[in-house]
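1. Sequence plus the predicted model coming up.
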Amino acid sequence: MSSAEKSAKPAIGITMGDPCGIGPEVVVKALADPQVYSTCRPLVVGNVFAMEQAVALTGLPIKIKEVDDSTVSGTEPGVIEVVDIHNLNPEDITVGEINPTCGKAAMEWVTKAGQLALAGVVDALATAPLNKEAASLAGYKSIGHMELLQELSKSELVATMLMAKNLRVVHLSTHRSLSRACDLVKKDRILEYLQLTHESFVKYGFNNPRIGTAALNPHGSDGGLMGDEEAAEISPAVEAAKAQGINAIGPIPADIIFHQAIQGQYDVVLCMYHDQGHIPVKVYGFEESITANLGLPFIRTSVDHGTAFDIAGQGIAFHESMLESIRLAVALAKGDGMAEF
């Protein structure tokens, strides 16, 4: 492949996820699609044995090839190249069970992939699911992809955005208890996230992104009858953002804002906590929903589902989210923005 052809096809680092879950299976199924190889050069970071087991499980005509991390070609459909840092023995993989040894290995693959992205070896990352309990049992305090990559890259502010079809939702907080999440609904934090969302969406090709800002309380507090966060924190942040030229709208009650976004009134919604954003996205388009991070120095997309231990090893996992996350990583790496999303 010529250098021109390589530049036209970005290298996408794909983490395998927790080997006890459906990660290896959905990665294999996604990379069985020849269209992936027509648009990018995929490189999996994970475990060769687990990937071979996933190939056997799916029955797909695919070969697994171990490569050095400096060898990023990914040019041959039907051959999945894997960077294996040899941190996991085959006998330690317990499919369908929480396993701290596997949780540790999966987190180390994310770290390795992040290092490849920071070094410019890959142009973007697309990640398969981790198991947060397994990572915690392995001693990790940063138990999610975003937190681990934020720490690795020393990024000050990073946000999670979930997407399904035309519904895009940035989260003010993610892996926090509900009581803690409510404590984080403060003017300065909301303004920072509105700024980050605006800057990111301008990069994605939106000239004047319309950012719908969700209320925290039912009915937007009904004039203070059910809380005061809207008047005390959210509205002042929206007004401050407007003063900076950001097209922020809100606060809008959560029971209407996502419908309005689907109808095209907003390019993106800023929600106040994890479930407020996750529920509408997953109801609207569960199988194809994906995640992207704002604020990292490299592109990172992800599936929007968990390790699904209950169906791991059965060959029945849907891979649409993995495929969509690769597609988005490619689009952003090529500078195409979110035109198709």
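-> Cool, got the structure. Residues are numbered from 1 along each chain as shown.
2. ok, which stretches of the stretch 201-341 of the chain are helices?
-> Secondary structure of the stretch 201-341 of the chain (DSSP state H, counting those that start in this stretch): helices located at 229, 235-243, 254-262, 274-285, 320-333.
3. which stretches of the stretch 1-150 of the chain have low pLDDT?
-> Within the stretch 1-150 of the chain, the segments meeting pLDDT under 70 span 1-7, 69-72.
4. And for the stretch 151-300 of the chain?
-> Under the criterion of pLDDT under 70, none of the stretch 151-300 of the chain is flagged as low confidence.
5. Which stretches in it count as strands?
-> Secondary structure of the stretch 151-300 of the chain (DSSP state E, counting those that start in this stretch): strands at 159-164, 167-171, 211-214, 248-252, 268-271, 290-294, 299-303.
6. Residue 67 is nearest to which of those strands?
-> For those, proximity to residue 67 was assessed by CB to CB; strand 299-303 is nearest, at 21.4 Å. Any C-beta I mention is one placed from the backbone N, CA and C, and that applies to glycine too.
7. and the closest one, what does it pack onto?
-> strand 124-127, helix 145-153, strand 290-294, helix 320-333 (3 or more CB pairs under 8 Å, 6 or more residues apart in numbering; DSSP states H and E).
8. Most tightly packed of these?
-> Compared across these, strand 124-127 shows the largest average neighbour count, a mean of 28 (mean count of other CB atoms under 10 Å).
9. what's near enough to touch the nearest residue to residue 332 once chain neighbours are set aside?
-> Nearest residue to residue 332 in three dimensions, chain neighbours excluded: residue 299, at 4.7 Å (CB to CB, 6 or more residues apart in numbering). Counting by CB atoms under 8 Å, 6 or more residues apart in numbering, residue 299 touches 117, 123-125, 292, 329, 332-333.
10. will you turn the residues you listed into CSV that also has distance to residue 163?
-> Below are the contacts of residue 299 laid out as CSV (distance: CB to CB, whole Å):
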residue, distance to residue 163
117, 20
123, 20
124, 15
125, 16
292, 7
329, 12
332, 12
333, 16
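11. Please work out which of the strands of the stretch 151-300 of the chain is packed deepest.
-> Taking mean count of other CB under 10 Å, strand 268-271 is the most buried of the strands of the stretch 151-300 of the chain, at a mean of 28.
12. what's in contact with that one?
-> Outside strand 268-271, the residues that reach it (CB under 8 Å, 6+ apart) are 161, 167-172, 190, 193-194, 197, 201, 209-214, 248, 250, 254, 257-258, 261, 277.
13. and the residue nearest to residue 291 when sequence neighbours are not counted, what is it in contact with?
-> The shortest distance from residue 291 to any non-neighbouring residue, by CB to CB, 6+ apart, is to residue 302 (4.2 Å). Residues in contact with residue 302 (CB under 8 Å, 6+ apart) are 126-129, 145, 290-292, 325.
14. now with 6 Å?
-> 127, 291, 325 (CB atoms under 6 Å, 6 or more residues apart in numbering).
15. repeat for residue 162
-> 169, 277, 281, 291, 304.
16. any idea how far the closest residue to the first one other than its chain neighbours is from residue 45?
-> Nearest-residue entry for residue 169: residue 277, 4.0 Å, with adjacent residues in sequence omitted and distances by CB to CB, 6+ apart. Separation of residue 277 from residue 45 (CB to CB, to the nearest Å): 28 Å.
17. rewinding a little: go through the strands of the stretch 151-300 of the chain and name the closest to residue 109.
-> strand 299-303 (13.3 Å).
18. Helix 320-333 and that closest one, what's the angle between them?
-> 170 degrees (axes from the mean of the first three to the mean of the last three CA atoms, to 10 degrees).
19. between strand 299-303 and strand 290-294, how big is the angle?
-> Going by the same axes, to 10 degrees, strand 299-303 is angled at 150 degrees with respect to strand 290-294.
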